[in-house]
Every structure is written in C-alpha cells, then in structure tokens.
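> My questions concern the predicted model and sequence given below.
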Amino acid sequence: MSNISSVLEQVKTKGPLVHNITNYVVMNNTANALLAVGASPVMAHAIEEVKDIVTISSSLVINMGTLSGKWVESMLTSAEQAKATNTPFVFDPVGVGASAYRTEVAQKIIETATPNVIRGNASEIMALAKLTNSTKGVDSTIDTQDAIEGATLLSKKFNNTVVISGATDYIITGDTVSKIENGSPLMAKITGMGCTATAMVGACLGVEENTHMAATAAMAIMGVAGDMANEKSAGPGSFQMNFYDSLYDITPEILDAKVKTNA
C-alpha cells in the first residue's frame with residue numbers, strides 16, 4: 001500500500017470530524033462527499049459555537065465562496081481557535097481578486113492564522129500571491145502550470161502546502177512539487193467540485209500530519225473518483241450521483257491502481 005492509499009484507509013477507518021465553514025451553494029455537496037468517503041462533516045457557522053466545534057474537530061475547512069459580515073467573523077474566530085488548539089486548517093480563497101472585499105477577507109483570514117493548506121484554482125492562487133489581480137468570478141482564467149511560481153512563493157512565505165486545482169492538480173510544499181493527472185472534464189460542469197476538493201483535503205488533514213501527503217492524497221481521491229464516475233456517466237447530472245458512489249466505493253487498492261502521479 002502506498003502512502004497515498006494509506007491516507008484513504010485512515011479516513012475510512014477513523015472517520016475524522018471535519019468542521020466546514022463553507023458557502024451556501026455547496027454545503028449539501030461537500031457534506032455528502034465527506035460522508036461518502038468515510039469522514040464526518042459538521043457545518044457550523046454561528047459565531048456562538050464555532051470555538052467549541054473547532055476544539056472537538058479533526059480539522060477546519062474555511063471556504064469564502066458566499067461572504068457575509070457575520071460569517072467572516074465566524075471564519076476569523078474559527079481560524080484563531082484552530083491556531084490555539086493546533087487544529088489543522090485548510091483555506092479555500094474562492095474568487096479572491098474578483099473584488100476588493102474578497103481580497104481583504106482572504107488577507108485577514110491568513111493573518112489571523114496561517115493555513116496548513118491553501119487550495120484554489122490557478123487564478124485564485126496567483127491573485128493570492130499578488131502576481132495578478134484579475135479573476136473570472138470563481139472560475140480560473142489561468143492554466144495551473146502558470147500558477148506554480150506563485151504557489152511556490154506562497155508556500156515558502158507561509159511554510160505550508162499550496163494546492164492548485166485544474167486539469168492537472170499541483171501540490172506544492174516549498175520546492176517539492178507533486179502532481180495528480182486524474183479527473184474528468186465533467187467535474188468543471190458541476191458547481192462546487194473545487195470546494196469538495198478542499199473539504200477532502202480537510203478530511204485527509206484530519207488523519208495525516210504530513211500536509212503535503214494529506215493534500216496529495218485528497219487530490220488523488222478526487223481525481224480517481226472522477227475517473228470512476230466518468231466511466232458510467234452520460235452528463236453532469238448522472239456524473240454527480242456517480243461521483244458520490246465512487247467516493248463510497250473507492251478502496252486503497254483501487255486508488256493505487258488508478259492514480260496518475262509523480263508522488
């Protein structure tokens with residue numbers, strides 16, 4: 001069994017509790033994906049309880065897809081608590097660079113607590129690295145390969161792991177660059193697949209201390225499940241259903257057999 005597949009086995013056997021502060025659009029999707037793979041999601045946003053929930057959770061996921069003032073307060077409080085309790089924390093800077101407010105919120109979150117992992121598309125990672133200030137909403141307008149320099153700068157600055165999602169996924173920790181070349185083009189036709197990838201990183205971080213390995217395993221699980229779902233799908237609707245089934249059916253043996261990686 002490889003290191004990547006051993007992370008999947010741990011997720012399925014340990015059932016990590018993943019605290020998600022995520023966006024309105026994807027809550028159901030990400031919760032179902034986490035359940036399907038064997039993790040346990042909690043979607044708690046109220047500022048009155050987030051400290052307690054972070055404290056009992058295996059990891060924290062902050063996704064700033066649908067921002068509002070109250071939720072930003074909860075995000076900052078949760079990040080602060082994750083730092084205090086040494087709870088692994090993954091940040092998804094959805095749409096950063098698309099508005100001044102998004103950029104400001106992203107900066108505040110990172111200043112409050114350094115994320116163990118940052119996951120975004122190429123445009124978001126480059127905007128976060130201040131190499132560009134233009135994004136097309138939450139969709140990437142830049143190839144993942146072009147964002148590697150920005151991701152490397154971010155990783156070295158924060159001493160963490162940065163994931164760039166795309167046709168090829170790159171996982172970057174300092175000068176170490178791993179890539180996953182699995183996945184289906186249909187994944188881009190379903191809202192929230194990137195957000196689901198971030199939640200999957202949270203699940204893997206909840207059982208694996210090595211952030212690079214956790215993030216690599218998460219992207220491998222997403223990509224291979226995407227390949228499996230693609231084989232039996234006619235379009236985006238059936239793909240989404242089959243993707244959940246694939247996350248449920250995927251085993252360490254299947255992951256080892258199907259993953260395309262240099263890790």
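On my side now, so go ahead.
> got the residue ranges for the strands in the stretch 1-150 of the chain?
Using DSSP state E, counting those that start in this stretch, the strands of the stretch 1-150 of the chain run over 17-21, 40-42, 59-63, 89-92, 117-121.
> so which of the ones you listed gets nearest K232?
Nearest to K232 among the strands of the stretch 1-150 of the chain is strand 40-42; the distance by C-beta to C-beta comes to 25.2 Å. Where C-beta positions appear, they are placed from N, C-alpha and C, glycine not excepted.
> So what are the sheet partners of that closest one and their directions?
strand 17-21 (parallel) (DSSP bridges).
> For the strand it pairs with, the averaged confidence score.
Strand 17-21 carries an average pLDDT of 98.
> ok, residues contacting that strand?
27, 30-31, 34, 39-45, 50, 53-54, 56-63, 71, 74-75, 78, 199, 202-203, 206 (C-beta atoms under 8 Å, 6 or more residues apart in numbering).
> Try it again at 7 Å.
Here strand 17-21 makes contact (C-beta atoms under 7 Å, 6 or more residues apart in numbering) with 30, 34, 39-45, 53-54, 56-63, 71, 74-75, 78, 199, 202-203, 206.
> Between strand 59-63 and it, find me the angle.
20 degrees (axes from the mean of the first three to the mean of the last three C-alpha atoms, to 10 degrees).
> Identify the residue spatially nearest to N29, adjacent ones excluded.
G192 (4.4 Å; C-beta to C-beta, 6 or more residues apart in numbering).
> Would you mind measuring from that neighbour to I250?
19 Å (C-beta to C-beta, to the nearest Å).
> T114 too?
According to C-beta to C-beta, T114 stands 31 Å off from I250.
> Who has more neighbours out of these two?
Ranked by neighbour count (other C-beta atoms under 10 Å), T114 and I250 place I250 first, with 22 against 16.
> pLDDT score for the closest residue to the more buried one other than its chain neighbours?
Take I250 and drop its neighbours on the chain: the residue closest to it by C-beta to C-beta, 6+ apart is A225, 5.6 Å away. With respect to pLDDT, A225 scores 98.
> Just list the residues touching A225, thanks.
243, 246-247, 250.
> Let's have the strands of the stretch 1-150 of the chain in a markdown table, adding mean neighbour count and distance to D256.
Formatted as a markdown table, the strands of the stretch 1-150 of the chain follow (neighbours: other C-beta atoms under 10 Å; distance: least, C-beta to C-beta, whole Å):
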| stretch | mean neighbour count | distance to D256 |
| --- | --- | --- |
| strand 17-21 | 25 | 24 |
| strand 40-42 | 18 | 25 |
| strand 59-63 | 28 | 24 |
| strand 89-92 | 30 | 24 |
| strand 117-121 | 29 | 23 |
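> In TSV, list those along with distance to A98.
Converted to TSV, the strands of the stretch 1-150 of the chain look like this (distance: least, C-beta to C-beta, whole Å):
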stretch	distance to A98
strand 17-21	19
strand 40-42	27
strand 59-63	15
strand 89-92	14
strand 117-121	12
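> out of the ones you listed, nearest to E9?
Among those, strand 40-42 sits nearest to E9 (C-beta to C-beta), with 16.2 Å.
> roughly how far is the closest one from the heart of the chain?
With C-alpha atoms, centre = their mean, to the nearest Å as the basis, strand 40-42 stands 15 Å off its chain's centre.
> just stretch 38-48 next, same as before
15 Å.
> And that stretch, end to end?
28 Å (C-alpha to C-alpha, to the nearest Å).
> Where is the longest helix in the protein?
helix 211-230 (DSSP state H).
> which residues touch the residue nearest to the spatial centre of the chain?
When C-alpha atoms, centre = their mean is applied to the chain, the residue found nearest the centroid is T198 (1.3 Å). Counting by C-beta under 7 Å, 6+ apart, T198 makes contact with 61, 63, 90, 92, 119.
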